[in-house]
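**Student:** no FASTA, just this:
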């Protein structure tokens, strides 16, 4: 059942941006508004995501600031923060608001700046990212996010025989896709050999298994189902699931299951009335190569334990039978935290419209977005479909 | 029209708490759950507010953490941040969710630790608070929050003849009320003379015009109207308005108007089908004495320009005709930022139930909460009423 529609999508290039957050967000916001053919006067609300700018830039209460910058002050403007799942959760709330008749037209988006070029050195940003892990049980041990996902991935390797070559295949695929995406942070391909030759960051992850810190912004215009047909090329939102899991990691029942993702996918698919097999492609949260493998299983794109094999065999490639991360994913497109969730929605929208050029998934009519936060304790899964 | 009901309320004492955030929140959460006669098994979601703990404690993604601590992991858990209006906005979203039939039972609350005793020195916390002002135009000038509200208040004094004695009257009243509130940060009275003898913080504010940094947590259980009668002593939520205003201050059309508060109050009263005069009492965001005067006018408790006179004449006192801040307000009860919004809802609930003892407002059947964020760029106004 259609709950809402995306009628406009915009994003900056992900990479290095030495511009204030509100200007960076403005570029994505105006891109989405222009794409939808609306102005700020048509908006009822702005649902805004930002994860770390309190710590990274001494900026909080950013909602009214970015709204003021784009000429939308006065609206209902609110900020969401759910670690890396921040703007997917903003999207969920916007869909819910138009579905309930509270609003008709909502701008949703997020922004973040994380790169050393904007004054954020890597150790400092790594510590800031680690604020999403458990303050008493995990941070004092030095557990940063590469090691969080290394633990999850190591367990998957132990249980299912997933190999470092399988992980490398994810990086190779996503860099190949990202090279076709002009808005991706990285424009170069890589090889299994190059990945396996890289320095170890947190075993089993080497440098090329890890997504970059990126700057960027993304935004979409969400409207009620009733209004959708008055826009060009609306894309239906048929399901959005959101679930959490226990923190800290040591308390999780099954590390590589990423249970919140399974629960969120179940909810999203039930809303949409589909099975995983009905989806044509997915954007998933590949903050590390291992995370994509876990995600591909959690959303039902690969059978249990076979996510690595699927990647290695090319089944998740652009021309595979289960394409994952045609945008290049976090790995190659980049990961400006608060912007990542709605950037996935941008890619789904443009893939379903068939406007992405060389990286187009053929017959891309049903897309799934999987945006994960923290140590996998939050996940939002969304289903978008072409309007019949 | 009833949109939802509050059926449970809990909060910690506000003051100094050297306990982890999840434990502090747990005390308020279990207080609210016990008061409602429910357990975490009965919850559909947790809507959680925290403003500054990324910067103050290197803690983000706190939603799943506090949920895990109270045994509620797995639910839809999300964090809101809208500066000092953080948990009132969480409350708004919870009311909307049960009103729309998305959820039946939602726990809403917030937590914050800001005191020097927990390792946060005052200059550092002042800088952290200032992150809610404009990063490019205001922070570099040294504009911290005492001076933000000093500017707003000075303009009110200029336009309406409000005096420092009027400001002091607010502090005297709120300390008198706070002395009757066992959960207030400050348990002592003050006098006009003591306020006027204090050191200047930001002209016209002296030390006793300013609310303290506090630690604390608050929570309420929000249920759908349909379910309310199955609980003891439900209190109806009949309106919640939320509006924003332009940032930075220099762009605001009318400084002492605090336009977002007026817009939010108009929306809340319209939803509730009441006029300001129908309300029996209010909890307002008196981060500084001057802020209470502006708020009392913005929500229609005092005529334009007469907020100061109303305070000085005792009309906003517990036994006045327009009681404001019977809890002691931020000024005396304290201001653990992310907990302040739902703490106002706790006070409204308990006043309307008639259970607050010595600080009881007589005939307290309709209460208004005014929770402001940043330089007044966000305000949420809520109306609660006794169930007929």
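**Tutor:** Arrived safely, thanks for sending. Owing to the predicted nature of the structure, the values given are computational and were not obtained by experimental measurement. Numbering: from 1, shown residues only, chains lettered A, B, ... in the order given.

**Student:** Give me the contacts around the one helix or strand residue A:81 maps to.
**Tutor:** Assigned by DSSP states H and E, residue A:81 falls within strand A:76-81. Residues outside strand A:76-81 that contact it (Cβ atoms under 8 Å, 6 or more residues apart in numbering or on different chains): A:44-51, A:61-64, A:66-67, A:86-87, A:89-90, A:93, A:103, A:338, B:54, B:60-61, B:78-82, B:89, B:93, B:242-244, B:378. Bear in mind the C-beta positions are built from the backbone N, C-alpha and C, glycine included.

**Student:** if we go to 6 Å?
**Tutor:** Under the contact criterion Cβ atoms under 6 Å, 6 or more residues apart in numbering or on different chains, strand A:76-81 has outside partners A:45-46, A:48-49, A:51, A:62-64, A:67, A:86, A:89-90, B:79, B:81-82, B:89, B:242, B:244.

**Student:** Just the ones in helices from the residues you listed, please.
**Tutor:** A:62, A:63, A:64, A:67, A:86, A:89, A:90, B:89 (DSSP state H).

**Student:** Count the neighbours of the third one for me.
**Tutor:** Other residues lying near residue A:64 total 34 when counted by other Cβ atoms under 10 Å in any protein chain shown.

**Student:** again, but for the last one
**Tutor:** By the measure other Cβ under 10 Å, the count of residues near residue B:89 is 30.

**Student:** With residue B:363 as the reference, measure out to it.
**Tutor:** From residue B:89 across to residue B:363, the span is 30 Å (Cβ to Cβ, to the nearest Å).

**Student:** Next: the second one.
**Tutor:** Separation of residue A:63 from residue B:363 (Cβ to Cβ) stands at 38 Å.

**Student:** what sits up against stretch A:167-177?
**Tutor:** By Cβ under 6 Å, 6+ apart, stretch A:167-177 touches A:189-190, A:192, A:195-196, A:208-209, A:289-290, A:292, A:311-312, A:317, A:325-326, A:328-329, A:331-332, A:359.

**Student:** Buried among the residues you listed? Need that as a selection in ChimeraX.
**Tutor:** Selecting only the buried entries of the contacts of stretch A:167-177 in ChimeraX, with 16 or more other Cβ atoms under 10 Å in any protein chain shown as the criterion:
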select /A:190,192,195,208,209,289,290,292,311,312,317,325,326,328,329,331,332,359
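
**Student:** In helices, which of the contacts of stretch A:167-177 fall?
**Tutor:** Reading helices off these with DSSP H, I get A:192, A:195, A:196, A:289, A:290, A:292, A:311, A:312, A:329, A:331, A:332.

**Student:** can you tell me which residues contact the second one?
**Tutor:** Listed by Cβ under 6 Å, 6+ apart, the contact partners of residue A:195 are A:168, A:171, A:208.

**Student:** That one - nearest residue in space that isn't next to it in sequence?
**Tutor:** residue A:168 (3.8 Å; Cβ to Cβ, 6 or more residues apart in numbering or on different chains).

**Student:** mind checking which helix or strand the one you found is in?
**Tutor:** Residue A:168 belongs to helix A:164-178 when assigned by DSSP H and E.
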